[in-house]
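Colleague: need a 3D model of the sequence below.
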Amino acid sequence: MSDFVETKDSNGNILSSGDSVLLTKDLKVKGFNKGLKRGAVVKNIRLTDDPEAIEGKVEGSMLVIKTMYLKKK
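Modeller: Numbers count the residues shown, from 1 in each chain. Predicted structure coming up:
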């Protein structure tokens, strides 16, 4: 048996490293002057050990974002 767990977006689409995703909700981020707006694109994502989170660069900063707020582009 495999311990591999798939990372899925809010619509159930399987995500992989290098994908681009869109935010489905406005998010407030600590340390940012303004929040991230719905529809913002996160390009070239990286998967983490947690299947419910990804890493991605948004507005020049690397962030970890929960997959429940993302949809595959």
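
Colleague: residue 23 touches residue 40, doesn't it?
Modeller: Yes. Under the criterion of CB atoms under 8 Å, residue 23 makes contact with residue 40 at 4.8 Å. Yep, even glycine has a C-beta here, placed from its N, CA and C like the rest.

Colleague: which of those two has more neighbours?
Modeller: Using other CB atoms under 10 Å as the criterion, residue 23 and residue 40 rank with residue 23 on top: 19 against 14.

Colleague: related to what we said a few turns ago, so what sits against both of residue 23 and residue 40?
Modeller: By CB atoms under 8 Å, 6 or more residues apart in numbering, residue 23 and residue 40 have no common neighbours.

Colleague: where in the protein is pLDDT low?
Modeller: 1-3 (pLDDT under 70).

Colleague: repeat that for 50
Modeller: 1-2 (pLDDT under 50).

Colleague: mind listing the helices for it?
Modeller: Taking DSSP state H as the criterion, the chain carries no helices.

Colleague: who does residue 64 form a beta bridge with?
Modeller: Taking DSSP bridges as the rule, residue 64 bridges to residue 55.

Colleague: what's the burial count for it?
Modeller: Per other CB under 10 Å, the neighbour tally for residue 64 reads 11.

Colleague: ok, it touching residue 48?
Modeller: Yes. Contact criterion CB under 8 Å: residue 64 and residue 48 qualify, at 6.7 Å.

Colleague: what's the overlap in contacts for these two?
Modeller: Residues touching both residue 64 and residue 48 (CB under 8 Å, 6+ apart) are 54, 55.

Colleague: distance between the ends of stretch 62-73?
Modeller: This stretch, stretch 62-73, spans 19 Å end to end (CA to CA, to the nearest Å).

Colleague: residues contacting residue 64?
Modeller: Going by CB under 8 Å, 6+ apart, residue 64 touches 48, 53, 54, 55.

Colleague: swap the cut-off to 10 Å and go again
Modeller: Residue 64 makes contact with 46, 48, 50, 53, 54, 55, 56, according to CB atoms under 10 Å, 6 or more residues apart in numbering.

Colleague: and the fifth one, how far is that from residue 36?
Modeller: From residue 54 across to residue 36, the span is 14 Å (CB to CB, to the nearest Å).
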